[in-house]
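Q: Please find the sequence and the predicted model below.
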Amino acid sequence: MIASAPGKLMLTGEYAVLHGGRALVMAVDRRVQVRARHPSEGAATRFPPEAVAAWALARARGLLSEVPDPTRLFYDLGAVSEAGRKLGVGSSAALCAAALAWALVDAGHTARPDFETRRGWAQLARAGHREAQGGGSGVDVIASTLGGVVSCTLGPDLDDPVSVSAVAWPRGLYWKVLWSGEPALTREMLQRVRAFEARDRAGFVTRIGAIAAASEAAHEAFLRDDASESTRAFAAHGEAMRALGVDAEVPIVTEALASLTDACRPLGVAIKPSGAGGGDVSLAVSYDPEALARVDTLGAARGFQTITMHTDHDGVAVSGG
């Protein structure tokens, strides 16, 4: 039996989602796998605490009679890496979702859950992920479990269940992923942003508000199936993230990404970090496919590699027996 779950791209709502803003998240076809480990594969690797925490919560809620022995299991993160380095597409979230699905199906739950069942699994996996990591929005876990594009809004208590709905990607909106080759130091980025909040609350609220407004504009454009308005919303979102980084004195938008953004703006191409920023992957979108194609050359000149990805519509899946 093999359980798998896709990685994710954060489309909009970075930072703002933790303060009541909407996030749009898309599952991508870079899948993490979990399966039983064969004895010939040697010593077991340490299983991530996010998965163990999700199993413990499932047992506490009566969904599992016992927590799986992690030494029995093998996980493969190869698809969420490039040249041996993580891409930054939510590997721990995908692994948590896949590991929980493996345990639930192994315990007799359905291997083909409907959307509502997967929504419940997503909330459970998110809770375990947040518990192990000591925070975070967990919307990447939601996307990995459900697949497709999802709109997520958190409650006042971040441990409350997430409000989730499926959203269609606009027709005529083209996208590609750019990889910096450098890992993002997410924990450090968040610490610096929190320090900015502590020293300038009013300024912080203004910057987070701009990100939230751009995320909401993107959501409305998605609902209207409007590719050009979506592109403008992504551009505004990227600028709002850049402004937050300037005020927080942290490179959410790196110099290289800022240079690429400025070069692409006249072409009608919007670029923004996907995630906390400072490295890893960024998203380029446009209603003009020919203009978007030029990003490959412009990005390569600034150290970016175009990475092929597609939307994953399946979410978490279990195959075999």
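A: Sure, I can see it.

Q: from here on, contacts and neighbour counts on C-alpha atoms
A: Will do.

Q: Domain boundaries for the protein, per the record?
A: 2-168+311-319, 174-307 (automatic domain parsing).

Q: weakest of these in terms of mean pLDDT?
A: Mean pLDDT across those is lowest at domain 2-168+311-319; the value there is a mean of 91.

Q: Quote the end-to-end distance of it.
A: Start-to-end span of domain 2-168+311-319 (C-alpha to C-alpha, to the nearest Å) is 5 Å.

Q: mind giving me CSV with the domains of the chain and columns for mean neighbour count?
A: Listed next are those as CSV, based on neighbours: other C-alpha atoms under 10 Å:
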stretch, mean neighbour count
domain 2-168+311-319, 21
domain 174-307, 20
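
Q: Can I get stretch 139-157 as CSV, trimmed to CA atoms?
A: C-alpha atoms of stretch 139-157 as CSV (Å, rounded to 0.1, in the frame of the first residue of the first chain):
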residue,chain,number,x,y,z
VAL,A,139,-3.1,25.8,5.0
ASP,A,140,-0.4,23.9,3.1
VAL,A,141,-1.6,20.7,4.8
ILE,A,142,-5.2,21.5,3.7
ALA,A,143,-4.1,21.9,0.1
SER,A,144,-2.1,18.7,0.1
THR,A,145,-5.0,16.7,1.4
LEU,A,146,-7.7,18.2,-0.7
GLY,A,147,-5.9,18.9,-4.0
GLY,A,148,-6.8,21.6,-6.5
VAL,A,149,-7.0,25.3,-5.5
VAL,A,150,-8.5,26.0,-2.1
SER,A,151,-9.5,29.2,-0.4
CYS,A,152,-8.6,29.1,3.3
THR,A,153,-9.5,31.5,6.2
LEU,A,154,-8.5,30.9,9.8
GLY,A,155,-10.6,31.7,12.8
PRO,A,156,-9.7,34.0,15.7
ASP,A,157,-8.3,31.0,17.5
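
Q: So what's the gap between that stretch and the chain middle?
A: Chain-centre distance of stretch 139-157: 9 Å, with C-alpha atoms, centre = their mean, to the nearest Å.

Q: got the contact list for stretch 75-91?
A: With C-alpha atoms under 8 Å, 6 or more residues apart in numbering as the test, stretch 75-91 has contacts from 7-9, 30-35, 95, 140-141, 179, 181, 183-184, 280-281.

Q: what pairs with the residue nearest to Gly238 when sequence neighbours are not counted across the strands?
A: For Gly238, ignoring the flanking residues on the chain, the nearest one in space by C-alpha to C-alpha, 6 or more residues apart in numbering is Lys272 at 4.4 Å. When assigned by DSSP bridges, Lys272 has beta-bridge partners Leu283.

Q: residues contacting Lys272?
A: Taking C-alpha under 8 Å, 6+ apart, we find Lys272 in contact with Phe234, Ala235, His237, Gly238, Glu239, Met241, Val253, Thr261, Ser282, Leu283, Ala284.

Q: rerun that using 6 Å as the cut-off
A: Going by C-alpha atoms under 6 Å, 6 or more residues apart in numbering, Lys272 touches Gly238, Ser282, Leu283.

Q: Just name the closest of those residues to Arg22, please.
A: Closest to Arg22 out of the contacts of Lys272 is Gly238 (15.4 Å), distances taken as C-alpha to C-alpha.

Q: what's in contact with the helix or strand harbouring that closest one?
A: For Gly238, the element it lies in under DSSP states H and E is helix 227-248. Defining contact as C-alpha under 6 Å, 6+ apart, one finds that helix 227-248 is touched by 170, 172-173, 193, 196, 207, 210-211, 214, 217-218, 221, 251-253, 270, 272, 286-287.

Q: Many thanks, I have nothing further to ask.
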